[in-house]
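Undergrad: Sequence unavailable; structure follows:
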């Protein structure tokens, strides 16, 4: 569940460190900076980046470690997610490489963190991102028609196709050039990736449980709850399910049916723009009303969100301790 992170160790002792340090900056507020990389194997793939900071006045040092600890552990960019025992193995290996006590590493501050999970879903759910409408007061933004962001100042939610990301397929042109093998995998399954990307831990509600390594270990199962809560906090419009068969006997039923048909004809972004730019009053309540109208016209036997939540819970249960 843990992916990218930035760990900060205060009062670090650099004299035992056995890494090829390269000076990158000096004489900035009496500080000097060295960078290095931590490799897990001799293949030197997916390194973690180290920044050693020293102060001429205090003669004290600090160390930050950044990068994808998931890729570092598995030595590949894959759809696999770290389990607790695997995360602990990562921490102990890092402690050994840096010649730092494991207990010291546990006290390290976590200033940036990426929490996520990859689900293997049937291919007919590939446009699932179109069902995620809004998240609080965040900005909804799509990139290359494959990635969806809900942006806040200090963190964002991200939904994207993990298989495309693994293979570096980040444009329509590259998608058209996929090999036959890539097309076969792509058409067989949809690897749905959901991430909570926290770029400033201190400015979020996540800091209470995840702002040190020790807290992450203690609250490991809470990571699954956090992922579940955040996905369910996104307003969901079932844009993929079949229409329900029903009779229209009243003007109110006809009005709601016409609203539903109109919503199906326009893009999600256009719909949200109309609500945001044209409508006065309580936009959130009005958006809920429209989503309810839409979802009441969807057949229950093809409930897309139920499928998603079932697969999400199944995936999270494999990762909790």
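TA: Done, it's in. Keep in mind it's a predicted model, so treat the numbers as computed, not measured.

Undergrad: Residues in contact with stretch 123-133: which ones?
TA: Residues outside stretch 123-133 that contact it (C-beta atoms under 8 Å, 6 or more residues apart in numbering): 121, 140, 142, 146-148, 150, 159-161, 187-190, 192, 234-240, 268, 272, 287, 291, 304-305, 307-308. For glycine as for every other residue, the C-beta is placed from the backbone atoms N, C-alpha and C.

Undergrad: so how far does that stretch reach from one end to the other?
TA: Its start and end residues considered, stretch 123-133 measures 21 Å (C-alpha to C-alpha, to the nearest Å).

Undergrad: buried stuff in it?
TA: Of the residues in stretch 123-133, 125, 126, 128, 129, 130, 131, 132, 133 count as buried by neighbour count, 16 or more other C-beta atoms under 10 Å.

Undergrad: With pLDDT, secondary structure and distance to residue 104 as added columns, please give these in CSV.
TA: Compiled in CSV, those are given as follows (pLDDT from 0 to 100; DSSP: H, G, I helix; E, B strand; the rest coil; distance: C-beta to C-beta, whole Å):
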residue, pLDDT, secondary structure, distance to residue 104
125, 93, helix, 45
126, 92, coil, 45
128, 94, helix, 43
129, 93, helix, 41
130, 90, helix, 47
131, 92, helix, 45
132, 95, strand, 41
133, 92, strand, 45
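
Undergrad: of all those, which two lie farthest apart?
TA: For the buried residues of stretch 123-133, the farthest-apart pair by C-beta to C-beta is 126 and 133; their separation is 17.8 Å.

Undergrad: quick one on the thing from earlier: mind listing which of the contacts of stretch 123-133 are in helices?
TA: Of the positions in those, 187, 188, 268, 272, 287, 291, 304, 305, 307, 308 sit in helices, assigned by DSSP state H.

Undergrad: pretty sure residue 63 is in contact with residue 9, am I right?
TA: Yes: if you go by C-beta atoms under 8 Å, residue 63 and residue 9 touch, sitting 4.6 Å apart.

Undergrad: for the stretch 151-300 of the chain, what are the low-confidence residue spans?
TA: Within the stretch 151-300 of the chain, the stretches with pLDDT under 70 are 300.

Undergrad: if we go to 50?
TA: Scanning the stretch 151-300 of the chain for pLDDT under 50 picks out nothing.

Undergrad: can you pull out the strands in it?
TA: Applying DSSP state E, counting those that start in this stretch to the stretch 151-300 of the chain gives strands spanning 155-161, 190-198, 235-236.

Undergrad: So for residue 90, which of those strands sits nearest?
TA: The closest approach between residue 90 and any of those, judged by C-beta to C-beta, belongs to strand 190-198 at 18.4 Å.

Undergrad: tell me which strands and helices that closest one is in contact with?
TA: Where contact means 3 or more C-beta pairs under 8 Å, 6 or more residues apart in numbering; DSSP states H and E, strand 190-198 is packed against strand 109-121, strand 155-161, helix 162-166, helix 220-232.

Undergrad: what about 10 Å?
TA: Strand 190-198 sits against strand 2-9, strand 109-121, strand 147-151, strand 155-161, helix 162-166, helix 207-210, helix 220-232, helix 304-317, with contacts defined as 3 or more C-beta pairs under 10 Å, 6 or more residues apart in numbering; DSSP states H and E.

Undergrad: Report the buried residues of the second one.
TA: Think strand 109-121. For strand 109-121, by 16+ other C-beta under 10 Å, it's 109, 110, 111, 112, 113, 114, 115, 116, 117, 118, 119, 121.

Undergrad: got a list of what the nearest residue to the third one once chain neighbours are set aside touches?
TA: Same thing as residue 111. Spatially, and ignoring its direct neighbours in sequence, residue 111 is nearest to residue 6 (4.9 Å; C-beta to C-beta, 6 or more residues apart in numbering). Contacts for residue 6 (C-beta atoms under 10 Å, 6 or more residues apart in numbering) come out as 49, 51, 64-67, 108-114, 198-199, 201.

Undergrad: re the thing from before, with distance to residue 79 added, can I get the buried residues of strand 109-121 in JSON lines?
TA: What follows is the buried residues of strand 109-121, written out as JSON lines (distance: C-beta to C-beta, whole Å):
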{"residue": "109", "distance to residue 79": "29"}
{"residue": "110", "distance to residue 79": "24"}
{"residue": "111", "distance to residue 79": "27"}
{"residue": "112", "distance to residue 79": "22"}
{"residue": "113", "distance to residue 79": "20"}
{"residue": "114", "distance to residue 79": "15"}
{"residue": "115", "distance to residue 79": "16"}
{"residue": "116", "distance to residue 79": "11"}
{"residue": "117", "distance to residue 79": "10"}
{"residue": "118", "distance to residue 79": "4"}
{"residue": "119", "distance to residue 79": "9"}
{"residue": "121", "distance to residue 79": "11"}
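
Undergrad: Now do the contacts for the closest residue in space to residue 13 that isn't next to it in sequence.
TA: Spatial nearest neighbour of residue 13, excluding adjacent residues (C-beta to C-beta, 6+ apart): residue 61 at 7.1 Å. Residue 61 is in contact with 9-15, 17, 32, 34, 52-55, counting by C-beta under 10 Å, 6+ apart.
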